[in-house]
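In: Predicted model follows, preceded by the sequence.
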There are 6 protein chains.
Amino acid sequence: MFSHKVNEDTQLRLLEVRDADQLFALLDQSRSYLREWLPFVDGTRTVQDIECFIQSGLQKYASNNGVELGIWYRGELAGVLGLHYINWSHRLTSVGYWIGERFQGNGIMTNSCRTLIDILFKEYELNRVEIRVAPQNLKSRAIPERLGFQNEGCRRQAEWLYDHYVDHIIYGMLVHDWKVGF
Amino acid sequence: MFSHKVNEDTQLRLLEVRDADQLFALLDQSRSYLREWLPFVDGTRTVQDIECFIQSGLQKYASNNGVELGIWYRGELAGVLGLHYINWSHRLTSVGYWIGERFQGNGIMTNSCRTLIDILFKEYELNRVEIRVAPQNLKSRAIPERLGFQNEGCRRQAEWLYDHYVDHIIYGMLVHDWKVGF
Amino acid sequence: MFSHKVNEDTQLRLLEVRDADQLFALLDQSRSYLREWLPFVDGTRTVQDIECFIQSGLQKYASNNGVELGIWYRGELAGVLGLHYINWSHRLTSVGYWIGERFQGNGIMTNSCRTLIDILFKEYELNRVEIRVAPQNLKSRAIPERLGFQNEGCRRQAEWLYDHYVDHIIYGMLVHDWKVGF
Amino acid sequence: MFSHKVNEDTQLRLLEVRDADQLFALLDQSRSYLREWLPFVDGTRTVQDIECFIQSGLQKYASNNGVELGIWYRGELAGVLGLHYINWSHRLTSVGYWIGERFQGNGIMTNSCRTLIDILFKEYELNRVEIRVAPQNLKSRAIPERLGFQNEGCRRQAEWLYDHYVDHIIYGMLVHDWKVGF
Amino acid sequence: MFSHKVNEDTQLRLLEVRDADQLFALLDQSRSYLREWLPFVDGTRTVQDIECFIQSGLQKYASNNGVELGIWYRGELAGVLGLHYINWSHRLTSVGYWIGERFQGNGIMTNSCRTLIDILFKEYELNRVEIRVAPQNLKSRAIPERLGFQNEGCRRQAEWLYDHYVDHIIYGMLVHDWKVGF
Amino acid sequence: MFSHKVNEDTQLRLLEVRDADQLFALLDQSRSYLREWLPFVDGTRTVQDIECFIQSGLQKYASNNGVELGIWYRGELAGVLGLHYINWSHRLTSVGYWIGERFQGNGIMTNSCRTLIDILFKEYELNRVEIRVAPQNLKSRAIPERLGFQNEGCRRQAEWLYDHYVDHIIYGMLVHDWKVGF
């Protein structure tokens, strides 16, 4: 319902069902760009598939177990930023994201992640935030690296990407290492 | 997760489970004040009762059928503003609200309602918003009246309030009567 | 399973799945007649749609939250009479009904409503029964008026009917105004 | 909601939650009488237990898989008559019943069963109705025998009754053997 | 996951979703043979139908209410052996089975049943095991007869088999009659 | 229902509700030993808690999403070996285990894990198996190390253990590195 300002150009907001058309168009325009690293692109064929994704994100949020946010850049839906789950016993979460091809290169995702992670540590009082990226996905790796995450290791063949396995670097950030006003 | 600014002092935010303690304290401090017009005060005995209320509000939101928002005034949780349901077939909703005793008299609720209703008409493209109030509840009636709602009639004995029935005036606002910048 | 006699010609009975064929035929024969005031006619395309309606009526009954009754007139299924919900906290309900075109004009619905409402006040000990009708729907308005309901107001644009909004008059009856042997 | 007349004195009606107090009292007054042959008496300790039984009967009815009826004799709740399930694939069901001690000996149950079974064969078009009774339970056996059921065999140790097993005679009736106006 | 050895040639194992293809092929090869006595053959059209059957068997097992086992004979899936339900209150169950046409005549099913029933009496401490067979189904009747079950009666027209009813002989075995090392 | 032989002394079997008493006793006898590394010991207060654990394990198995196995050593329940989940999209799983204090030191867990992992790679055709252990938990680390798993990194503060965080080494094994007859 409400949005959170990242900076003058960028806002985060909970994805709602009314956003399905825009989000499908965004993904559809960047299929070849996105499918290089995202396993769900080919399986997302229709607006209904996106509605299911949004619905399950809202259920995740309602059960206090994660969230799927849209990123709006200068009034346009530019990407998705979400928490796969929140483990409250161990106070940790895992962040995932993607952005439409034409929106990349503006620091939108780095800024959005910084804002979200700041909320996770300060408002939600989590202890650990994790980002998992394939080693060859340099654009995506740049984000945790810019934000000061530590490379904690590499899970081999952690993800099946249409026709081959990719490894996952685990980047971790702990609350006591998070810099105010990074 | 994110808040919406009503004005310098006032913000709206989706109620989350982590707000249960504050919300229970707010209600608990104003029991005698609130129970004059609210039927759920006596049945809300513990923080767990409030958690159930918040959970069911989040489920309502996740299923696109309403919402429960907290109102923060100068950083303190001051009241609740919600939609009992959203009827998408007929594009109408019904608004309910309450505020802690010590926060009343500052226009907080009128301003919060104006902001929410503006979103309902503009972002959610609803056609009709309804507010139901007992005739003798003058403070609560003042809100739809200040906002230009029309008194459309009075449902007799519409609500059981602990030991007696009260009537409900139905106030209605249609999108084509809603003034920009009211 | 069991029926309730309204008079020599007319009986009420809980709709069961085995009634789906007859009920679909009844609606199907009166489509143009019914769609003038009923929003669900166009969306009811198949016997399966009717089965869903009957199933959800049985669930409503099982959870003590309403009912959908068939009206049998001289052995034929002639119409539907139901309670949208029962609000036990406030002891109120809302009645809805429709009848096949060729059965109208015999007082079937007025008699059936009188019988049902008598049960609602006496057996179920409800306090308030409501009927909502569009102002221009004179045949339907005649029923609460004949039964002594009070016109309590008019909710503007309360229902979307295919391509336009209609208002709803709220007719209310309270138990202390209900006449025995009306 | 509605009742079905068995004869001048006796009526059948779907058990609803509002009947829980009466039904609990009926069982409670006949505990020692009923527990000789019914395995659920000791486990039914409170009105809430009876409410659960009624709720599950309504769910069974709503899902077209059986029913629990109350038997009213001269205006008092006298017993329960139900279908454990309805197997629509094979068009068969199984009937169970019990009656309060002071109501027995009036033919209430035989008449009620005859009425119900007549409905099962004629309205529901079932093919087979079954009643299972312990061989030593002579009062209960008298009912299928009076109604012309056939003794088809005896399942040994089919039921655990608090501290011992009892056998079950299977009585069966087929639609083509059911006499009109028996 | 794990299998249980019946003898050198025969093993039992919980059916899992990964077995669906094999099980469908087995049934598909023996359609005319199996449909003589099994009511579900015609309704099992696709591998998805078999997956549903396996899923519901796993749910039955997980809720402690029965099981569906595959019988492997010399490494090939040869048949199905299951418990329709387990009634823990009365400590009884009902066994059902079928075998592919080319596997019959080797004693596979008699041996598999003996092994399963032994487990039911010894590990699960059941008191009664039941097998229901049509009187004319001589091959199937041979199994409880070889295992010493008692013919307890015949439920007339207990099963609808595509275009006619068949009776069911009830065979029963009690734990105190079960011979060790039968 | 059925067990799988690891060697002469050791067997694996799906945990069923009937195992709850034994499993609770096993945990209860080793509380101080187990709580050094297991976060759930203090929260497991009663046999009912263990029943819930077993039930959820069976549900996990029924939905093809993991399993909880008991390890029997010379006829006694000695420990638990389970899969937290199975990710079929990426064909990976994560193994967890614990053993009663008096059973440790016999190679039971190493042998049980080897057997289970062999089944996971060969029967279930998974690609990757993961084991996560705290660096200071040397006994537990010995198992993946003996089995040839690779240390792929260390997630810092991945688990809250009553009053402090512990790190998790991630050990990974891929199917192409798994030695037959290891």
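Out: Here it is on my side, so go on.

In: Straight-line length of stretch A:60-77, end to end?
Out: Between the start and the finish of stretch A:60-77 there is a gap of 21 Å, counting by CA to CA, to the nearest Å.

In: Next: stretch A:95-111.
Out: OK, stretch A:95-111 end separation, CA to CA: 14 Å.

In: who does A:E68 bridge with?
Out: Legend: beta-bridge partners of A:E68 under DSSP bridges are A:G82.

In: Enumerate every residue touching it.
Out: A:14-15, A:53-54, A:57-58, A:60-61, A:80-82 (CB atoms under 8 Å, 6 or more residues apart in numbering or on different chains). C-beta coordinates here come from the backbone N, C-alpha and C atoms, glycine included.

In: Please report how far it lies from chain D.
Out: 35 Å (CB to the nearest CB, to the nearest Å).

In: Could you do A:L174 as well?
Out: For A:L174 relative to chain D (CB to the nearest CB), the value is 49 Å.

In: I'd like to know how far A:Y124 sits from A:G66.
Out: Using CB to CB, to the nearest Å, A:Y124 is found at 11 Å from A:G66.

In: what do these two both touch?
Out: In terms of CB under 8 Å, 6+ apart, A:Y124 and A:G66 are both contacted by the residues A:I86.

In: out of the two, which sits in the busier spot?
Out: More neighbours surround A:G66 than the other of A:Y124 and A:G66, with 20 against 16 (other CB atoms under 10 Å in any protein chain shown).

In: Select from the contacts of A:E68 every entry located in helices.
Out: Judged by DSSP state H, the contacts of A:E68 include A:53-54, A:57-58, A:60-61 as members of helices.

In: Show me which of the residues you listed are buried.
Out: Using 16 or more other CB atoms under 10 Å in any protein chain shown as the burial test, the ones in helices among the contacts of A:E68 include A:53-54, A:57-58, A:60-61 as buried.

In: Tabulate those residues in JSON lines, adding columns for distance to chain C.
Out: Formatted as JSON lines, these follow (distance: CB to the nearest CB, whole Å):
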{"residue": "A:F53", "distance to chain C": "26"}
{"residue": "A:I54", "distance to chain C": "24"}
{"residue": "A:G57", "distance to chain C": "27"}
{"residue": "A:L58", "distance to chain C": "23"}
{"residue": "A:K60", "distance to chain C": "27"}
{"residue": "A:Y61", "distance to chain C": "27"}
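
In: okay, those in TSV with pLDDT and distance to chain D next?
Out: Output for those, formatted as TSV (pLDDT from 0 to 100; distance: CB to the nearest CB, whole Å):
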residue	pLDDT	distance to chain D
A:F53	98	32
A:I54	97	31
A:G57	97	32
A:L58	96	29
A:K60	96	30
A:Y61	95	31
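
In: for the residue sitting furthest away from the middle of chain A, helix, strand, or coil?
Out: Taking CA atoms, centre = their mean, the residue of chain A most remote from its mean C-alpha position is A:D163, at 23.3 Å. State at A:D163, reduced to three classes by DSSP: H, G, I helix; E, B strand; the rest coil: coil.

In: From chain B, how far out is it?
Out: Counting by CB to the nearest CB, the gap from A:D163 to chain B is 35 Å.

In: Now the two most distant members of the buried ones among the ones in helices among the contacts of A:E68.
Out: A:F53 and A:Y61 (12.8 Å; CB to CB).

In: Show me the shaky parts of chain A.
Out: Low-confidence segments of chain A, defined by pLDDT under 70: A:1, A:180-182.

In: Can you tell me which residue of it sits closest to chain E?
Out: Proximity of chain A to chain E (CB to the nearest CB) peaks at A:W160, 17.6 Å away.

In: Surely that residue is in contact with F:L126?
Out: No - in this structure, A:W160 is not within contact of F:L126 by CB atoms under 8 Å, at 11.3 Å.

In: quick one: which of the two has more around it?
Out: The neighbour count for A:W160 versus F:L126, taken as other CB under 10 Å, is higher for F:L126 (22 against 18).

In: On the three-state scheme, that one is what?
Out: Following three-state DSSP, F:L126 is assigned to coil.

In: so who does it touch?
Out: By CB under 8 Å, 6+ apart, the contact list for F:L126 reads F:86, F:91-93, F:120, F:175.

In: what about 6 Å?
Out: By CB atoms under 6 Å, 6 or more residues apart in numbering or on different chains, F:L126 lies in contact with F:91, F:93, F:120.

In: So which of those belong to strands?
Out: Among these, the members found in strands (DSSP state E) are F:T93.

In: Looking at the contacts of F:L126, spot the one nearest F:Y33.
Out: F:T93 (26.4 Å).

In: can you count the residues close to the closest one?
Out: F:T93, neighbours per other CB under 10 Å, totals 24.

In: Surely it and F:I86 touch.
Out: Yes - contact status for F:T93 versus F:I86: in contact at 4.8 Å, counting by CB atoms under 6 Å.

In: Residues contacting the helix or strand encompassing A:H84 from elsewhere in the structure, which ones?
Out: Here A:H84 sits within strand A:76-87, counting by DSSP states H and E. With contacts defined as CB under 6 Å, 6+ apart, strand A:76-87 is touched by A:22, A:26, A:65-71, A:93-94, A:96-100, A:103, A:108, A:112.

In: try 8 Å this time
Out: When contacts are defined by CB under 8 Å, 6+ apart, strand A:76-87 is touched by residues A:10, A:12, A:15, A:19, A:22-23, A:26, A:57, A:60, A:64-73, A:92-100, A:103, A:108-109, A:112-113, A:116, A:120, A:124, A:126.

In: tell me how far it is from the chain's mean position?
Out: Offset of strand A:76-87 from its chain centre (CA atoms, centre = their mean, to the nearest Å): 4 Å.

In: Can you list the buried residues in it?
Out: If you call a residue buried by 16+ other CB under 10 Å, then strand A:76-87 has these buried ones: A:77-83, A:86-87.

In: can I get these in CSV with distance to A:P39?
Out: Output for the buried residues of strand A:76-87, formatted as CSV (distance: CB to CB, whole Å):
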residue, distance to A:P39
A:L77, 21
A:A78, 21
A:G79, 17
A:V80, 14
A:L81, 18
A:G82, 15
A:L83, 18
A:I86, 22
A:N87, 22
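
In: which neighbours do F:T93 and F:I86 share?
Out: Common neighbours of F:T93 and F:I86, using CB under 8 Å, 6+ apart, are F:66, F:126.

In: that older thread, and of the buried ones among the ones in helices among the contacts of A:E68, the nearest to A:I170?
Out: Distances from A:I170 to those, taken by CB to CB, are shortest for A:K60, at 21.5 Å.

In: can you tell me which residues contact that closest one?
Out: Taking CB under 8 Å, 6+ apart as the test, what A:K60 contacts is A:66-68, A:83, A:85.

In: try it again with 10 Å
Out: A:66-68, A:82-86, B:62 (CB atoms under 10 Å, 6 or more residues apart in numbering or on different chains).

In: Which stretches in chain A count as strands?
Out: Under DSSP E, chain A gives strands at A:3-5, A:10-14, A:67-73, A:76-87, A:92-99, A:128-133, A:150-160, A:165-174.

In: Excluding chain neighbours, what is closest to A:A142?
Out: Nearest non-adjacent residue to A:A142, counting by CB to CB, 6 or more residues apart in numbering or on different chains: A:T110, 7.6 Å away.

In: Run a quick neighbour tally on A:K179.
Out: 9.

In: Let me know the distance separating it from A:C113.
Out: Taking CB to CB, one finds A:K179 at 14 Å from A:C113.

In: before we move on, what about A:P135?
Out: For A:P135, the distance to A:C113 - CB to CB - is 19 Å.

In: now do A:E125
Out: In this view, A:E125 and A:C113 are 18 Å apart by CB to CB.

In: A:E36 now?
Out: Per CB to CB, A:E36 is found 20 Å from A:C113.

In: before we move on, what about A:A142?
Out: Applying CB to CB, the value for A:A142 to A:C113 is 11 Å.

In: higher neighbour count, the two?
Out: Shown here are A:A142 and A:C113; by other CB under 10 Å, A:C113 has more neighbours (22 against 13).
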